[in-house]
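> One predicted model, sequence on top.
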Amino acid sequence: MSLKPSESGSQKTLGWKVHTPGLLKEIVEANPTIAGPMRMSILIFRDLLHQVAVRASQLNDPKLNALMIRLTLYAIANPDEADYDPVKVAEILETS
């Protein structure tokens, strides 16, 4: 997670960023005590978030795109992905 100041018009606001795929992976893999049902629920949640991200990209709403980026649900916002593009990410966040 990180907290970065972002400018919205003439106001500065703080915007949280969460590496959601990494967070979910950490919860599942770093906790051997997670029982089957909890692990399965997290994996289902991860899949649903992926579906939400796909639909959000189809809708192409600027504010929704910014939220998807802040949750690292778009590949362009994920440093672990080949499609990572910090310039495009900054562009999208500025226009939202």
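That came through, no problem.

> Output the lowest mean pLDDT helix or strand found in the chain.
When each helix and strand of the chain is scored by mean pLDDT, DSSP states H and E, strand 2-8 comes last, with a mean of 45.

> And the helices in the protein?
Counting by DSSP state H, the chain has helices at residues 20-29, 36-59, 62-70, 86-95.

> Surely residue 46 is in contact with residue 23?
No: counting by C-beta atoms under 8 Å, residue 46 sits too far from residue 23 to count as a contact (9.8 Å). Just so you know, the C-beta spots here come from the backbone N, C-alpha and C atoms, and that holds for glycine as well.

> before we move on, the earlier item: I'd like the helices of the chain as a markdown table, with distance to residue 79 and mean pLDDT appended.
Shown next, in a markdown table, are the helices of the chain (distance: least, C-beta to C-beta, whole Å; pLDDT from 0 to 100):
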| stretch | distance to residue 79 | mean pLDDT |
| --- | --- | --- |
| helix 20-29 | 10 | 89 |
| helix 36-59 | 16 | 92 |
| helix 62-70 | 12 | 95 |
| helix 86-95 | 8 | 94 |
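
> nearest to residue 76, of those?
The minimum distance between residue 76 and these falls on helix 86-95, with 5.2 Å, by C-beta to C-beta.

> Restrict that closest one to CA atoms and write it as PDB.
Extracted in PDB, the C-alpha atoms of helix 86-95 (Å, rounded to 0.1, in the frame of the first residue of the first chain):
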ATOM      1  CA  PRO A  86       3.700   4.100 -15.400                       C
ATOM      2  CA  VAL A  87       3.400   6.900 -17.900                       C
ATOM      3  CA  LYS A  88      -0.100   5.800 -19.000                       C
ATOM      4  CA  VAL A  89      -1.100   5.200 -15.400                       C
ATOM      5  CA  ALA A  90      -0.100   8.800 -14.500                       C
ATOM      6  CA  GLU A  91      -2.000  10.000 -17.600                       C
ATOM      7  CA  ILE A  92      -5.200   8.200 -16.600                       C
ATOM      8  CA  LEU A  93      -5.000   9.300 -13.000                       C
ATOM      9  CA  GLU A  94      -4.500  12.900 -14.000                       C
ATOM     10  CA  THR A  95      -7.600  12.900 -16.200                       C
END
